[in-house]
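> Build me a structure from this.
(chains A and B)
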Amino acid sequence: MADGRFHLAQLNIARVVAPLDSPQLADFVALLDPINALAEKSPGFVWRYTSPGRNDATGDRSLGDDQVPNLSVWESLESLREFAYRSRHLDVMRRRREWFRPHAGSYMVLWWIPIGHTPTVAEAMERLAELDQSGPGPRAFTFHRPFDPAGNPIEQRTAASAQPSI
Amino acid sequence: MPTTLGDVVSPDRPIDAIAALQDPLRRQLYEFVAAQGREVSRNEAAASVRIQRTLAAFHLDKLVEAGLLEVSYRRLNDREGPGAGRPAKLYRRARAEHSFSLPPRSYALAAGFLAEVVERVGADRPLQSTARDAGRAIGRAATGQSLTEVLRAQGYEPYEEGGQLRLRNCPFHQLAERFPPLVCGMNLALCQGLLEEFEGPEGRGASAWAPELGTEARRGECCVVFLSKNKKY
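Model (predicted):
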């Protein structure tokens, strides 16, 4: 569902198992450019965060040396979901344990922003903290329990229901 | 994910659904509609099993009643406005899942718990390894069958199109929606293991197909697609 006044912001954070310039992370680093290019070509893509002078966020040390923020904006939940889980990006995610530690607590958060707003990492981390503290809600939610821009929970397609939610 | 058995469908519905499929003709019609992966008209369905349209409509509507098919209405021609004719009644497989077990079993519920923990502790790779071994066993056991037959037996509903081998159904659908990298990675590993040990016309493990995740995934279908090793992408 695309809303005419809001876009969807997304943050996920991940702790690397070894330094970014180590052999263990080599495959991941090599995939950054192609996957970022894929994101930009995907329907509904609006914006992604990059650290100054780079094509990705790996220069960002605001979350510590071993934690990389992934921050982006999309037109809708569906367009982000399609890119994240139904494109070549899914194949990269399948390999995540080669590069990232499992995360205690929430590691991904979604929230609505007014069109034209550029989220910051700090703002995104606040939303992640809200998710951790209060669980999914209108200000910070997940794919599993999403909310619409008006703050209403989005009915999930369940096994018993034949009608998809749009 | 269902939190109790009762969340999935009302207790009587799966029995009704299964009972509706007892009639062989009705079952053929259901399988035809399901296999198309799109909306199907009464006439198309009738032609597929070589029966009269009114008889097809009768059975199709019984399948709708049982919750196995869904109906939509769409104009099949380009006409608009009064006199353009009624929209056609179209059928497709219902999205609802029907499960039935006696004595009652809640494997989906348990799978949800187990997946949540595997996700939390990050045990993707042991899961993939386990799935790969299981796939190898399936591949080894599939003597005398075609790859399509083996995949069909696993519930994938395979079909070839555009030089690719696609899977219309994900047997792990709800789990995959809830934990995509974990469960889709598991699924890919299962398929890879299967191909490693499967003996086809080209020899054991020498299949011309290579399964890939998400590359050419189609809406509503399994995100594992088998690409031809011979074709360049």
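> Quick check: the residue in chain A that chain B sits nearest to vs B:Asp124, distance?
At 2.8 Å from chain B, A:Pro102 is the closest residue in chain A, using Cβ to the nearest Cβ. Where C-beta positions appear, they are placed from N, C-alpha and C, glycine not excepted. As judged by Cβ to Cβ, to the nearest Å, A:Pro102 and B:Asp124 stand 9 Å apart.
> Compare the two (neighbour count), which wins?
B:Asp124 (24 against 16; other Cβ atoms under 10 Å in any protein chain shown).
> Give the full set of residues in contact with the more buried one.
Counting by Cβ atoms under 8 Å, 6 or more residues apart in numbering or on different chains, B:Asp124 touches A:94, A:96-97, B:118, B:181-182, B:185.
> In helices, which of those fall?
Within the contacts of B:Asp124, residues falling in helices by DSSP state H are A:94, A:96-97, B:118, B:181-182, B:185.
> Sort out which one of these lies nearest B:Arg168 for me.
B:Gly185 (20.4 Å; Cβ to Cβ).
> what's the burial count for the closest residue to the closest one other than its chain neighbours?
Distances taken as Cβ to Cβ, 6 or more residues apart in numbering or on different chains put A:Arg94 closest to B:Gly185, at 3.7 Å, once the chain neighbours are dropped. By other Cβ under 10 Å, 23 other residues sit near A:Arg94.
> likewise the one 3 residues further on?
A:Arg97 is surrounded by 19 other residues when neighbours are defined as other Cβ under 10 Å.
> For the spatially closest residue to it that is not a sequence neighbour, grab phi and psi.
In space, and not counting its chain neighbours, A:Arg97 is closest to B:Asp124: 4.6 Å by Cβ to Cβ, 6+ apart. In terms of degrees, to the nearest 10, the main-chain angles of B:Asp124 are phi -60, psi -50.
> Can you pull the poorly scored residue ranges out of chain B?
Scanning chain B with the threshold set as pLDDT under 70 gives B:1-12, B:78-79, B:231-233.
> which bits of it sit near chain A?
B:2, B:7-10, B:67, B:70, B:94-97, B:119-122, B:124-125, B:128, B:174, B:178, B:180-181, B:184-185, B:188, B:212-215, B:217, B:219, B:223 (Cβ under 8 Å from any Cβ of the partner chain).
> So which of those belong to strands?
Among those, the residues falling in strands (DSSP state E) are B:70, B:212-213.
> Taking chain B, what residue is nearest to chain A?
Closest point on chain B to chain A, by Cβ to the nearest Cβ, is B:Gly122, at 2.8 Å.
> Contact partners for the spatially most central residue of chain B?
Nearest residue to the geometric centre of chain B (Cα atoms, centre = their mean): B:Asn169, 2.1 Å. If a contact means Cβ under 8 Å, 6+ apart, then B:Asn169 has B:155-157, B:221-222 as its contacts.
> the helices in chain B, which residues?
Taking DSSP H, the helices of chain B run over residues B:5-8, B:13-20, B:24-36, B:42-49, B:53-65, B:107-121, B:124-141, B:147-153, B:173-178, B:180-197.
> most packed of those helices?
Highest mean neighbour count among these (mean count of other Cβ atoms under 10 Å in any protein chain shown): helix B:180-197, with a mean of 23.
> quick one: it to chain centroid distance?
Computed by Cα atoms, centre = their mean, to the nearest Å, the chain-centroid distance of helix B:180-197 equals 16 Å.
> Mind putting the ones in strands among the residues of chain B next to chain A into a markdown table with neighbour count?
Formatted as a markdown table, those follow (neighbours: other Cβ atoms under 10 Å in any protein chain shown):
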| residue | neighbour count |
| --- | --- |
| B:Glu70 | 18 |
| B:Glu212 | 21 |
| B:Leu213 | 28 |
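> just checking, what's the longest strand in chain A?
Ranked by number of residues, the top strand in chain A under DSSP E is strand A:6-15.
> Got phi/psi on the residue nearest to the centre of chain B?
Phi and psi for B:Asn169, reported as degrees, to the nearest 10, are phi -120, psi 140.
> From B:Glu97, how far off is it?
Distance from B:Asn169 to B:Glu97, by Cβ to Cβ: 11 Å.
> Please work out which residues outside stretch B:199-210 touch it.
Residues from elsewhere that reach stretch B:199-210, judged by Cβ under 8 Å, 6+ apart: B:139, B:142-143, B:146-147, B:165, B:195-198, B:226-230.
> Report how many residues lie close to A:Arg127.
A:Arg127: 21 neighbours (other Cβ under 10 Å).
> Hmm, it is touching A:Met108, no?
No. Between A:Arg127 and A:Met108 no contact is recorded; they are 10.5 Å apart, counting by Cβ atoms under 8 Å.
> Overlap of the contact sets of those two?
In terms of Cβ under 8 Å, 6+ apart, A:Arg127 and A:Met108 are both contacted by the residues A:Leu11.
> OK, contacts around A:Leu25?
Contact analysis of A:Leu25 by Cβ under 8 Å, 6+ apart lists A:16-19, A:99.
> and it, which of the three is it?
Under the three-state scheme (DSSP: H, G, I helix; E, B strand; the rest coil), A:Leu25 adopts helix.
> was I right about B:Glu216 contacting B:Leu227?
Yes. In terms of Cβ under 8 Å, B:Glu216 counts as a neighbour of B:Leu227; the distance is 7.2 Å.
> For chain A, which segments are assigned as strands?
Under the criterion DSSP E, strands of chain A are mapped to A:6-15, A:45-48, A:67-74, A:108-114.
> Dump those to JSON lines, plus mean neighbour count.
Formatted as JSON lines, the strands of chain A follow (neighbours: other Cβ under 10 Å):
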{"stretch": "strand A:6-15", "mean neighbour count": "21"}
{"stretch": "strand A:45-48", "mean neighbour count": "17"}
{"stretch": "strand A:67-74", "mean neighbour count": "22"}
{"stretch": "strand A:108-114", "mean neighbour count": "19"}
